[in-house]
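Participant: Next comes the sequence, and after it the predicted model I'd like to discuss.
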Amino acid sequence: MLALILESPERLWWSFVLLVPLLIHLLRRRHYHQHGWAAMEFVVRAMQEKSQKARLQRLVLMIVRVFILALFLLAVSSPQSGVSKFDVDNISSGTHYVFILDASYSMGTIDQVSGDSAFEIAKQEAFELLHRLPPGDVVSVLTIGDFERWVIESPANDFQEVVVAIDEIELQVGGGNVKTVLESTADLILESRQAHPDLLHSHVMVFTDLEQNVWTGLVGEESEDGSPLKRLKELGQVSVVGCQVDPRSNLALKSLTCSYPQGAFAKDVVVMAEVECYYQEEAASPGISWYVDNQFIRRDELEIQQGQLSTISLPLNNLDSGSHQVEARLDDDSLAIDNSRWIVFDSPAK
């Protein structure tokens with residue numbers, strides 16, 4: 001049900017001004033004394049028809065004036081729209097929400113249907129939940145990534161501020177460890193309860209794609225004493241919001257190395273790329289492109305299946321002596337952050 005919230009309801013006392021158009025309408029009515037005059041009867045009939053039209057016009061004018069004044073009063077009362085529910089959930093129960101957004105690199109994976117990344121989906125899920133929270137609840141925000149970062153540590157009740165803060169979170173270039181993040185979350189909840197005794201409940205919500213690189217350190221420890229997940233369940237509720245996507249394909253360059261097959265002072269150099277396939281369409285023919293000193297050299301097609309590792313070599317002969325840079329680039333796929341690597345090495349004299 002649509003509700004209208006007025007930030008300045010005291011200004012509605014000005015509603016008496018809505019009587020002004022009515023008073024003007026009544027005062028401008030003219031009263032006539034009627035005198036019989038046979039010669040003017042036809043004129044009277046014509047004036048009666050004109051008078052009915054004039055009264056209708058004055059009535060419409062009065063209604064328009066009242067409507068304009070009512071809109072003005074509503075505007076100065078600072079109205080806000082919102083969703084009202086006849087439900088106890090719409091009344092704050094003193095809940096401290098902790099939003100944990102997975103910002104590790106895998107969250108950049110793009111869905112082949114919607115074109116949205118898992119990270120964008122996670123943010124949207126958080127925004128929708130914020131929209132449903134009743135006034136009085138508070139929110140903290142933390143990220144999972146190379147380094148944990150409190151986006152909002154002190155519990156905030158300004159949901160618009162929380163929305164802006166979440167929107168400004170950027171994807172990180174590495175993985176993460178959810179275990180250390182949950183430990184920090186448990187500590188924050190305890191500190192917040194000491195500082196704010198009215199925060200009787202806590203609800204931790206993790207927005208993640210559930211990739212193993214984040215959850216590895218927590219698997220199998222849920223029931224152990226001292227486990228951060230067990231601590232959080234004792235303090236309140238823990239929920240995981242799955243933000244998985246359906247990628248078109250995802251290959252990753254795991255490493256890029258070089259070797260000197262004929263010895264450190266030989267002229268031949270071999271660069272080797274290790275590629276892992278996470279997802280792969282059956283009809284796809286992925287490839288890897290090689291660049292030496294920013295010049296394209298060649299593209300090799302990969303014969304690799306989902307779940308496999310493959311090594312591709314680039315032999316280089318007769319390079320000029322000195323430092324050289326080699327870049328390997330995989331074809332575009334659903335996760336761009338792990339598609340390229342660089343290596344710099346020295347070539348011996350010829």
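Facilitator: Perfect, thanks for sending it.
Participant: Report the residue spans of the stretch 101-250 of the chain with pLDDT below the cut-off.
Facilitator: Judged by pLDDT under 70, the stretch 101-250 of the chain has its weakly predicted residues at 147-148, 212-226.
Participant: quick one, strands of it?
Facilitator: Secondary structure of the stretch 101-250 of the chain (DSSP state E, counting those that start in this stretch): strands located at 138-144, 149-156, 201-208, 237-242, 250-259.
Participant: can I get the ones you listed in JSON lines with distance to V173 and mean neighbour count?
Facilitator: For every residue, glycine as well, the C-beta is placed using N, CA and C. Shown next, in JSON lines, are the strands of the stretch 101-250 of the chain (distance: least, CB to CB, whole Å; neighbours: other CB atoms under 10 Å):
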{"stretch": "strand 138-144", "distance to V173": "13", "mean neighbour count": "23"}
{"stretch": "strand 149-156", "distance to V173": "14", "mean neighbour count": "16"}
{"stretch": "strand 201-208", "distance to V173": "17", "mean neighbour count": "22"}
{"stretch": "strand 237-242", "distance to V173": "23", "mean neighbour count": "14"}
{"stretch": "strand 250-259", "distance to V173": "13", "mean neighbour count": "17"}
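Participant: could I get those strands as TSV with distance to W290?
Facilitator: Below are the strands of the stretch 101-250 of the chain laid out as TSV (distance: least, CB to CB, whole Å):
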stretch	distance to W290
strand 138-144	34
strand 149-156	37
strand 201-208	35
strand 237-242	38
strand 250-259	10
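Participant: right, and these - which one's nearest S340?
Facilitator: For the strands of the stretch 101-250 of the chain, the distance to S340 is smallest for strand 250-259, at 6.5 Å, taking CB to CB.
Participant: Relative to that closest one, what are the paired strands and their orientations?
Facilitator: Strand 250-259 sits in its sheet next to strand 269-279 (antiparallel), going by DSSP bridges.
Participant: and the closest residue to P228 other than its chain neighbours, how many residues sit next to it?
Facilitator: Residue nearest to P228 in three dimensions, not counting chain neighbours: L182, with 3.7 Å by CB to CB, 6 or more residues apart in numbering. The number of residues packed near L182 is 26, by other CB atoms under 10 Å.
Participant: quick one: L182 and K230, what's the gap?
Facilitator: Taking CB to CB, to the nearest Å as the measure, L182 falls 10 Å from K230.
Participant: Of the strands of the stretch 101-250 of the chain, which is nearest V326?
Facilitator: V326 lies closest to strand 250-259 among the strands of the stretch 101-250 of the chain, at 7.4 Å (CB to CB).
Participant: Which strand residues bridge Q237?
Facilitator: Applying DSSP bridges to Q237 gives these bridge partners: H203.
Participant: what's near enough to touch it?
Facilitator: Applying CB atoms under 8 Å, 6 or more residues apart in numbering to Q237 gives the contacts 201-204.
Participant: likewise H203?
Facilitator: Shown in contact with H203 (CB under 8 Å, 6+ apart): 95-98, 236-239.
Participant: what residues are up against the spatially most central residue of the chain?
Facilitator: The centroid of the chain falls nearest to K123 when counting by CA atoms, centre = their mean (2.3 Å). Counting by CB under 8 Å, 6+ apart, K123 touches 101, 166-167, 169, 207.
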